[in-house]
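A.B. asks: Make a model of this:
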Amino acid sequence: MSQLLPHVEVLTAENPDASIIWLHGLGADGHDFEPIVEQLNLPESAAIRFIFPHAPSLPVTINNGMVMPAWYDILEMNIDRKVDEIQLKKSVDAIIAFINNEMDRGIASERIIIAGFSQGGAVAFETALSFPKKLAGLLALSTYFATKDSIEYHPANQDLAIAIHHGTHDPIVPYKLATVSSSLLKDKGYHVSLTSYEMEHSVCRQQIADISQWFVETLKLD
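C.D. replies: This is a model prediction of the structure:
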């Protein structure tokens, strides 16, 4: 079995029957979204294992080659134009290792959600849409579909629940990229919801409530 990346785990209850693998953005780490678990106020009956992997440290071209946690290198400021797809797909393999590990721990693939913010969301798109077993859902936060021209979609996830959230004032990942992702996937027959928030490149209180509700609906929590 592949060696898992260092990561944070948070259980909402013993004996989880669902898992959410949540990927942070550029320069952050797995602790970035750890506090959100409590803020979600999920039903007491929800038994979920949240997994927050730490990205490897890489030199990032647009940041003058500075080494920082990154899922892949970004080669120019038009972030949707030129990314290091080889490294991105290595990160996808690392997330697939987490999915397989969850299945080995008794979680059905249909009870696993892949979530990602910004750069982590680009990895989440590729991971979920190409994975060969049915997953529960894909949550794409303030992100873009970096591999939309190269991905090999797998029919196992044609009915995947997909939620895209984005700030209308995002100066890092323009809101237009969310609409591009949504339109592309809808044209391919995917079930996509796109929700916008009056915010920049961040997460807001209303959005956390919406994420919680989406988790409840997607995982059919009581």
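A.B. asks: which residue ranges form the strands in this structure?
C.D. replies: Under the criterion DSSP state E, the chain contains strands at 7-11, 18-23, 48-53, 57-60, 66-69, 112-117, 137-141, 161-167, 191-197.
A.B. asks: Now that we have the ones you listed, can you turn them into TSV and tack on mean pLDDT?
C.D. replies: Listed next are these as TSV, based on pLDDT from 0 to 100:
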stretch	mean pLDDT
strand 7-11	98
strand 18-23	98
strand 48-53	98
strand 57-60	96
strand 66-69	97
strand 112-117	98
strand 137-141	98
strand 161-167	98
strand 191-197	98
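A.B. asks: among those strands, which is nearest F125?
C.D. replies: strand 137-141 (6.1 Å; CB to CB). Just so you know, the C-beta spots here come from the backbone N, C-alpha and C atoms, and that holds for glycine as well.
A.B. asks: partners of that closest one in the sheet?
C.D. replies: strand 112-117 (parallel), strand 161-167 (parallel) (DSSP bridges).
A.B. asks: Could you single out the most deeply buried of the ones you listed?
C.D. replies: Among the strands paired with strand 137-141, strand 112-117 has the highest mean neighbour count (mean count of other CB atoms under 10 Å), at a mean of 27.
A.B. asks: Identify all contacting residues around that one.
C.D. replies: 18-25, 28, 32-33, 95, 99, 102-103, 121-125, 127-128, 135-143, 203, 215, 218-219 (CB atoms under 8 Å, 6 or more residues apart in numbering).
A.B. asks: Next: stretch 72-83.
C.D. replies: The contact list for stretch 72-83 (CB under 8 Å, 6+ apart) reads 26, 58-62, 84-85, 87-88, 90-91, 119, 122-123, 144, 146, 172-173, 177, 180.
A.B. asks: could you redo the last one with a cut-off of 6 Å?
C.D. replies: The contact list for stretch 72-83 (CB atoms under 6 Å, 6 or more residues apart in numbering) reads V60, T61, I62, D84, Q87, L88, Y144, A146, L177.
A.B. asks: now swap in stretch 138-157 and tell me
C.D. replies: For stretch 138-157, contacts defined as CB under 6 Å, 6+ apart pick out 80, 83, 114-115, 117-118, 121-122, 125-126, 128-130, 132-135, 160, 162-166, 170, 173, 177, 181, 184, 201.
A.B. asks: Kindly check the end-to-end length of it for me.
C.D. replies: Across stretch 138-157, the terminal residues are separated by 10 Å (CA to CA, to the nearest Å).
A.B. asks: buried residues in it?
C.D. replies: Neighbour-count burial for stretch 138-157 flags 138-148, 151, 154, 157 (criterion: 16 or more other CB atoms under 10 Å).
A.B. asks: Next: stretch 59-77.
C.D. replies: Buried-residue list, stretch 59-77, by 16+ other CB under 10 Å: V60, T61, P69, A70, W71, Y72, D73, I74.
A.B. asks: Pairing partners for the nearest residue to F33 once chain neighbours are set aside in the sheet, please.
C.D. replies: Spatial nearest neighbour of F33, chain neighbours left out: W22 (5.2 Å); criterion: CB to CB, 6 or more residues apart in numbering. Beta-bridge partners for W22, by DSSP bridges, are A115.
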